[in-house]
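[1] coords below, sequence missing:
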């Protein structure tokens with residue numbers, strides 16, 4: 001197994017294990033399924049233009065909020081020079097199939113200001129992008 005594949009699966013395993021330990025569950029949205037602290041979707045195509053999964057195209061996208069997202073955000077730094085929102089105080093960080101953001105506007109929200117997206121190609125084990133501006 002390639003180093004990238006091992007890293008992608010390890011990253012996903014840590015995220016899922018950490019998420020399962022949370023008591024709060026996210027609400028499923030448009031086909032997304034929830035696990036405590038996260039929601040996930042198995043799909044084909046790109047996340048923004050997703051399709052039904054097929055035998056040749058299956059990807060896993062995970063969205064994590066709250067304390068696990070903050071822990072991941074802190075671990076993958078440094079900050080990108082620009083954010084998708086362009087709002088003052090917002091921050092973003094990327095590592096291959098992982099993208100984390102901090103939204104200054106969401107400080108008081110139930111989910112908190114941190115969100116992390118993880119994408120894995122379930123056929124190859126490679127990490128895949130999940131968020132685009």
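    Thanks, I have it. This one's a predicted model, so the numbers in the text were calculated from it and none came from an experiment. Numbers count the residues shown, from 1 in each chain.

[2] hey, let's count contacts and neighbours off CA atoms from now on
    Will do.

[3] sec struct for residue 70, please.
    State at residue 70, reduced to three classes by DSSP: H, G, I helix; E, B strand; the rest coil: helix.

[4] how close does it sit to residue 128?
    Per C-alpha to C-alpha, to the nearest Å, residue 70 is found 21 Å from residue 128.

[5] do the same with residue 46
    9 Å.

[6] repeat that for residue 87.
    In terms of C-alpha to C-alpha, residue 87 sits 26 Å off from residue 128.

[7] do the same with residue 118
    8 Å.

[8] more neighbours: the two, which one.
    A direct count of neighbours by other C-alpha atoms under 10 Å for residue 118 and residue 128 places residue 118 higher, at 25 against 20.

[9] so for that one, what's the pLDDT?
    Predicted confidence (pLDDT) for residue 118: 95.

[10] OK, contacts around it?
    Taking C-alpha atoms under 8 Å, 6 or more residues apart in numbering, we find residue 118 in contact with 12, 60, 61, 62, 63, 97, 98, 99, 127, 128, 129, 130.

[11] tell me the centre residue of the chain?
    residue 117 (1.4 Å; C-alpha atoms, centre = their mean).

[12] A strand includes it, no?
    Yes: assessed with three-state DSSP, residue 117 lies in a strand.

[13] and the gap between the closest residue to it other than its chain neighbours and residue 130?
    Leaving aside its chain neighbours, residue 117 sits nearest to residue 63 (4.6 Å; criterion: C-alpha to C-alpha, 6 or more residues apart in numbering). If you measure residue 63 against residue 130 using C-alpha to C-alpha, the figure is 9 Å.
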